[in-house]
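Engineer: Model the structure of this input:
(one chain, ligands or ions: 2)
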Amino acid sequence: MKIIGADVIVCSPGRNYVTLKITTDSGLIGWGDATLNGRELAVASYLRDHVCPQLIGRDAHQIEDIWQYFYKGAYWRRGPVTMTAIAAVDIALWDLKGKAAGLPVYQLLGGAARDGVMVYGHASGGSLPEMLDDFAGYLDRGYLAVRAQCAVPGGDKGYGVHRGHQLYEPASGSMPDEERFEVGPYLRFVPEMLGAVRDRFGYDVHLLHDAHHRLTPIQAARLGRDIEPFQLFWLEDATPAEDQEAFRLIRQHTTTPLAVGEVFNSIWDCQHLITERLIDYIRASVSHAGGISHLRKIFSLAELYGVRTGSHGAGDLSPVSFAAALHLDMAVPNFGMQEYMGHRDPAGEVFGTTWTFNNGLMHPGDAPGLGVDFDEKAAERFPYDPKYLPVNRRTDGTVHDW
Ligand code: GCO
Ligand code: MG
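Structural biologist: Residues are numbered from 1 along each chain as shown. Ligands and ions are numbered 1, 2, ... in the order given. Just a heads-up that it's a prediction; the model follows:
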């Protein structure tokens, strides 16, 4: 199955997505996701200018060889742009292999290790009552796990809080919005918020919260300890993720389960976190951590150390990589939880999907490959629309982690 074409399509159906199309002489087409929120065109150029020409003529079945060729062959390793580009190729090749075999990708990865993939939804609100009502909506829709994010009273908008009736989406504006954040009120409010969830909905639902890299290690330790009574499934991104050592300190102070990794690109970003058992869930994503092939290695390493998976599944990863995550989630023995933020309209006019949601579990479907179609004609109606993630400042103006 020889590769005869590799093209990059940038479109914005609700948000910006970068999609790689690999065409083969068999007539089969594979789709990959190369979206890197706020830096989309850097990956598009990396692929178009450097990777696509080198794909032509290769055997699409040689997934591992092609991965190594682009990883080792570039000499420059890791980093979000490189690893997102390699991921897009890898995802498209798995899609092709599945289509060629007539099997869904999860079958190629070892077959179903569970009936379905537990996903968590995103409840949020500008006030506590609003967040609790949103939370109730997720339970009504059958979710078994829900993440709770709420604006801190008297504070700015807050991370993870949706606006109006649209799904939460962090990128907006052709220049980054600036937000203000102060840690004291946040640390006092979060236990109250999570306590309110438990008071109203009890302890059967899995409860999660994302601190979005905003705390110091000792602040994270305090938060983890303060929320122990509310028995979280995980506390996400307590401290800036690049500092693996920070987790050692947090771990000494709390039994709240810890998750991190949505900004990781490589197994080397989480080697110590996993082998020293400093976290409970690894949250790297298919599209930013080198594709199915590389994420599978991260998950296998994690399995050895009792760390479970928790793939990033924000709406800024396209339906192609979300489907890829579901296939991997189906097959790995140490699956933990899958994030499901959902995709804003009109993404559904461009991406056709086969996944299903039933009683809190998702299934990728049994179509050959990933089960995602991309409508190139429809994509033309939604041209690239530059948008950026917000920048965060403390109240004194100091730039802070967003
Ligand atoms: C999550 C993430 C997202 C990120 C976004 C950045 O938990 O899903 O924190 O909300 O902020 O993916 O592009
Ligand atoms: Mg997060």
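Engineer: Can you pull the domain assignment for this structure?
Structural biologist: 3-103, 108-368 (automatic domain parsing).
Engineer: how about these in a markdown table, adding distance to ligand 1, mean pLDDT and mean neighbour count?
Structural biologist: C-beta here means a position set from N, CA and C on the backbone, and glycine is covered the same way. Below are the domains of the chain laid out as a markdown table (distance: least, Cβ to the nearest ligand atom, whole Å; pLDDT from 0 to 100; neighbours: other Cβ atoms under 10 Å):
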| stretch | distance to ligand 1 | mean pLDDT | mean neighbour count |
| --- | --- | --- | --- |
| domain 3-103 | 4 | 98 | 20 |
| domain 108-368 | 3 | 96 | 19 |
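Engineer: Turn those domains into TSV, columns for distance to P383.
Structural biologist: Formatted as TSV, those follow (distance: least, Cβ to Cβ, whole Å):
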stretch	distance to P383
domain 3-103	6
domain 108-368	12
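Engineer: Just the buried positions in stretch 369-383, please.
Structural biologist: Neighbour-count burial for stretch 369-383 flags 369-374, 378-379, 382 (criterion: 16 or more other Cβ atoms under 10 Å).
Engineer: Mean confidence (pLDDT) on that stretch, please.
Structural biologist: Across stretch 369-383, pLDDT averages out at 98.
Engineer: what about it, start to end distance?
Structural biologist: 27 Å (Cα to Cα, to the nearest Å).
Engineer: List the contacts of that stretch.
Structural biologist: The contact list for stretch 369-383 (Cβ atoms under 8 Å, 6 or more residues apart in numbering) reads 9, 11-14, 19, 21, 30-31, 91, 94-99, 104-105, 319-320, 323-324, 327, 346, 349-355, 364-365.
Engineer: could you redo the last one with a cut-off of 6 Å?
Structural biologist: The contact list for stretch 369-383 (Cβ atoms under 6 Å, 6 or more residues apart in numbering) reads 9, 11-13, 19, 31, 95, 98-99, 105, 319-320, 323-324, 349-354, 364-365.
Engineer: And for stretch 196-209?
Structural biologist: 120, 128, 132, 145, 147-148, 230, 232-235.
Engineer: And it, how far out from the chain middle?
Structural biologist: Distance of stretch 196-209 from its chain centroid, counting by Cα atoms, centre = their mean, to the nearest Å, is 23 Å.
Engineer: hang on, the earlier thing: which members of the contacts of stretch 369-383 are positioned in helices?
Structural biologist: Those of the contacts of stretch 369-383 mapping onto helices are 95, 98-99, 105, 319-320, 323-324, 349-350, per DSSP state H.
Engineer: can I get those residues in TSV with distance to D59?
Structural biologist: What follows is the ones in helices among the contacts of stretch 369-383, written out as TSV (distance: Cβ to Cβ, whole Å):
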residue	distance to D59
D95	15
G98	16
K99	15
V105	18
P319	27
V320	22
A323	24
A324	21
E349	34
V350	29
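Engineer: out of those residues, which one sits closest to D396?
Structural biologist: P319 (41.2 Å; Cβ to Cβ).
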